[in-house]
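> From the sequence below, what's the structure:
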Amino acid sequence: MTAVWILVTIFGSIILLLATICGTILVAMKLRHGSLSVKSREAQAEEAATIQEIYQGLSQMEKRIESLETLLMERQARKDDQHE
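Here you go, the predicted structure:
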């Protein structure tokens, strides 16, 4: 009877070890390939494109503001020169 328990324990341990290894490999593959569905990937791509558009718009706005600041500073300098 004890021999049976020893065999069950050994084979059970081997099966448990193989299941753990296979599970680890499956999780690693899923993480490597990404677990996102096609719809999620498309949504992320669309969000990334929108963020890039916003960034480009903000960069253009920054350039415009700098130009306006330059114009205002020049105008102020001219006013100061006229008052002197």
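> Okay, domains of the chain per the record?
Annotated domains of the chain cover 1-35, 38-84 [automatic domain parsing].
> Mean pLDDT added to the ones you listed, as CSV?
As requested, the domains of the chain are exported to CSV (pLDDT from 0 to 100):
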stretch, mean pLDDT
domain 1-35, 84
domain 38-84, 89
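> can you put these in TSV and add mean neighbour count?
For glycine as for every other residue, the C-beta is placed from the backbone atoms N, C-alpha and C. Output for the domains of the chain, formatted as TSV (neighbours: other CB atoms under 10 Å):
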stretch	mean neighbour count
domain 1-35	9
domain 38-84	10
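> Any figure for the gap between Asp81 and Glu62?
Taking CB to CB, to the nearest Å as the measure, Asp81 falls 29 Å from Glu62.
> nope, Thr24 is what I meant
Distance of Thr24 to Glu62, computed by CB to CB: 49 Å.
> Packing partners of the strand or helix carrying Lys39?
Using DSSP states H and E, Lys39 sits in helix 38-83. Here helix 38-83 touches no other helix or strand, going by 3 or more CB pairs under 8 Å, 6 or more residues apart in numbering; DSSP states H and E.
> from the chain's centre, how far out does it sit?
Helix 38-83 has its C-alpha centroid displaced from the chain centroid by 24 Å (CA atoms, centre = their mean, to the nearest Å).
> Likewise for stretch 12-29?
30 Å.
> hey, C-alpha coordinates of that stretch in PDB?
Output of stretch 12-29 as PDB, limited to C-alpha atoms (Å, rounded to 0.1, in the frame of the first residue of the first chain):
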ATOM      1  CA  GLY A  12       1.400  13.700  -9.100                       C
ATOM      2  CA  SER A  13       4.500  15.800  -8.500                       C
ATOM      3  CA  ILE A  14       5.700  15.200 -12.100                       C
ATOM      4  CA  ILE A  15       2.300  16.200 -13.500                       C
ATOM      5  CA  LEU A  16       2.100  19.200 -11.300                       C
ATOM      6  CA  LEU A  17       5.600  20.300 -12.300                       C
ATOM      7  CA  LEU A  18       4.800  19.900 -16.000                       C
ATOM      8  CA  ALA A  19       1.600  21.900 -15.600                       C
ATOM      9  CA  THR A  20       3.500  24.700 -13.900                       C
ATOM     10  CA  ILE A  21       6.200  24.800 -16.600                       C
ATOM     11  CA  CYS A  22       3.600  24.800 -19.400                       C
ATOM     12  CA  GLY A  23       1.500  27.500 -17.600                       C
ATOM     13  CA  THR A  24       4.600  29.600 -17.200                       C
ATOM     14  CA  ILE A  25       5.500  29.200 -20.900                       C
ATOM     15  CA  LEU A  26       1.900  30.100 -21.900                       C
ATOM     16  CA  VAL A  27       1.900  33.200 -19.800                       C
ATOM     17  CA  ALA A  28       5.300  34.300 -21.100                       C
ATOM     18  CA  MET A  29       4.100  33.800 -24.700                       C
END
